[in-house]
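In: here is my input; please provide its structure:
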Amino acid sequence: MVVYFTLLRVACWLLLSFPQPAGIPSGHFPRQATTRSPHGALNIPCENCHSAVAWRPIRRVLEFDHNTTNYPLRGMHEKVECARCHTKPVFTEVGKNCQDCHADIHQRKMGPDCAQCHTVAGWGIITQQTKVHQNRFPLFGAHAAVSCEECHKSGAVGVFEGLPTACISCHLKDYRSATSPNHVTMGFATTCDSCHSFDSWLGAKFDHNATGFPLTNGHANVPCVSCHINNNYNLQLALTDCGNAQCHLTTWQKTNNPVHATAGPAFAAANCAHCHTTRGWDAASFDHSLTGFALTGTHSSPTPTPCTACHSNNSYTLSSTDCMSCHASAWNSTAALGGSVPNHVVAGFPNTTAMCASCHPITKWSDGKFDHSATGWPLTGYHLTNTTCNQCHTNNNYTLTTANTACYGCHVAAWQSTTKLGGAVPNHIAAGYPTTCDSCHNTTSWLGATFNHTFFPIPHHGSVCSDCHLVSTNYATFSCINCHTQPAHKQAQTDPQHDGVGGYVYGATTCYNCHKGGGG
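Out: The predicted structure follows:
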């Protein structure tokens, strides 16, 4: 009742405050010049918003274009009552930022700009900018279709800042439920993106190179379970240890050429990769140099020697690399070959690798060439071009020593023939020549011998040996006055010329005592 009378007094006061002029219908009051609009500087007619009945409520359809203001109404804002935003009569006293009207339900975790996620079409419609998720965790693949609440729990009040970006922070349940393989049992790292992509959990690709065992060629398409039996992903396996991996052990055990199990350490199950590659078992290539006996020459080309040629009866545990271990039959065959091939057996040739290789190259047995200089008696001249081994090594005697390698040992017949040759060839036997043939002769030819006439320079005025060496059987004697018979060289004329010369004696050879150069 008190409220009613209070309102009545206010109404009476308003009526008395606006006296009704003559000619004005009842209930209408003109605006006084002294009356101010409660809306401030709003320059539009009152009837655009108010009715003639009362100031309130305002008209349902306002004759006011909000687009003429600095804040056009769009979307959901078009349906909001004016008083929801304009809480004060002065319409200009209102903010234009979202937070001026809308409480920040995100607890200031997303910043003041609501428009970076929401639009005027509605709170639930998220802009494309949010879908792209342009921050430290862009949304790719399947993440682009996931609702915000999937990661940012509890919707509006969820964690939007500082949320972990590691896959496991959202996918721990997926990690624990994985069974093929069991990620927990196998101790797989929780870095999911090392195998999985953003598009789907399925089709995971593991970088096997990171394990130190890259998958190449034939291994590249083998299912994981073929090697990781019973979900055993803790294999500790060397690259060469194929046979012990429960992958190829059966294959290793079935080998028969050679039988790997009995062929020695080189064929152990831990050494498969020494011969085989991931291209296939049949493409085996053994590096023979690993055995200490590299295959060169005819052992490897033009056609590689078959393994069984040396490794007979599947014996791959050979300890000897001596030539004779494989070539004994070839060595023994020299007894029947004849020709320029010496009988190695009768000649007593050493049958060691060092001796075989001293004559025979690795390329071909028949190309054997002996380095005669290694004996201390090199072959030069005629000896090198026109002499066969058996001409000197008669009866397969290859045990000659330096004592019987002088020229005379082979050329005694030629030395003895000098008794009949005559002419300028002295009788070597009668003259008592030493058998050191090479003091006059060379290896090019017996003829054209040059004697080093150490006692007297020759040639001497066109003389021949017999001019001085009067006794053909003794070239140790000679005579000067045999040629020098001019009167000046007769004793009657010579003695006076040597008067006072000490030691002078007239004789056939005494001239040489002073006249060693043949001069005066």
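
In: what's the burial count for the closest residue in space to Asn442 that isn't next to it in sequence?
Out: Distances taken as Cβ to Cβ, 6 or more residues apart in numbering put Gly381 closest to Asn442, at 6.6 Å, once the chain neighbours are dropped. Using the backbone N, CA and C atoms, a C-beta is placed for each residue, glycine as well. Gly381 sits with 12 neighbouring residues when counted by other Cβ atoms under 10 Å.

In: next: the one 10 residues further on.
Out: Counted with other Cβ under 10 Å, the neighbours of Gln391 add up to 10.

In: ok, now Ser301?
Out: Neighbours of Ser301 (other Cβ under 10 Å): 11.

In: what about it, distance to Val184?
Out: In this view, Ser301 and Val184 are 57 Å apart by Cβ to Cβ, to the nearest Å.

In: same question, Asn482
Out: The gap separating Asn482 from Val184 is 125 Å, by Cβ to Cβ.

In: do you know the pLDDT at the residue nearest to Ala424 when sequence neighbours are not counted?
Out: Once flanking residues are discounted, Ala424 sits nearest to Val464: 6.5 Å by Cβ to Cβ, 6+ apart. Looking at Val464, its pLDDT is 77.

In: how close does Val464 get to Gly423?
Out: For Val464, the distance to Gly423 - Cβ to Cβ - is 10 Å.

In: what about those two, which has more around it?
Out: When Val464 is set against Gly423 and neighbours are counted by other Cβ under 10 Å, the residue ahead is Val464, at 12 against 6.

In: mind checking how far that one is from Phe451?
Out: Taken as Cβ to Cβ, the span from Val464 to Phe451 is 12 Å.

In: contacts for stretch 93-106?
Out: Applying Cβ atoms under 8 Å, 6 or more residues apart in numbering, the contact partners of stretch 93-106 are 40, 70-71, 84-88, 112-115, 118, 156-157, 160.

In: filter the residues you listed to the buried ones?
Out: Using 16 or more other Cβ atoms under 10 Å as the burial test, the contacts of stretch 93-106 include 85, 114, 118, 160 as buried.

In: rebuild those residues as CSV, extending it with distance to Phe198, pLDDT and secondary structure.
Out: Below are the buried ones among the contacts of stretch 93-106 laid out as CSV (distance: Cβ to Cβ, whole Å; pLDDT from 0 to 100; DSSP: H, G, I helix; E, B strand; the rest coil):
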residue, distance to Phe198, pLDDT, secondary structure
Cys85, 43, 88, helix
Cys114, 28, 83, helix
His118, 26, 84, strand
Phe160, 21, 73, coil
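
In: now for the residues you listed: which two are most distant?
Out: Distances among the buried ones among the contacts of stretch 93-106 were taken as Cβ to Cβ; the most separated pair is Cys85 and Phe160, at 26.8 Å.

In: distance between the helix or strand hosting Ala309 and the chain's centre?
Out: Here Ala309, judged by DSSP states H and E, is contained in helix 307-310. Centroid separation for helix 307-310 versus its chain: 33 Å, with Cα atoms, centre = their mean, to the nearest Å.

In: quick thing: my sequence starts at 879, can you match it?
Out: Understood, numbering begins at 879; the last thing we discussed is helix 1185-1188.

In: keeping just the C-alphas, turn whichever helix or strand comes after that helix into PDB.
Out: With elements assigned by DSSP H and E, the helix or strand that comes after helix 1185-1188 is helix 1202-1210. C-alpha atoms of helix 1202-1210 as PDB (Å, rounded to 0.1, in the frame of the first residue of the first chain):
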ATOM      1  CA  MET A1202     102.300 -77.600 -54.300                       C
ATOM      2  CA  SER A1203      99.200 -78.300 -52.200                       C
ATOM      3  CA  CYS A1204      97.200 -77.800 -55.400                       C
ATOM      4  CA  HIS A1205      99.800 -78.100 -58.200                       C
ATOM      5  CA  ALA A1206     101.700 -81.200 -57.200                       C
ATOM      6  CA  SER A1207     100.500 -83.100 -60.300                       C
ATOM      7  CA  ALA A1208     101.600 -80.200 -62.600                       C
ATOM      8  CA  TRP A1209     105.100 -80.200 -60.900                       C
ATOM      9  CA  ASN A1210     105.400 -84.000 -61.300                       C
END
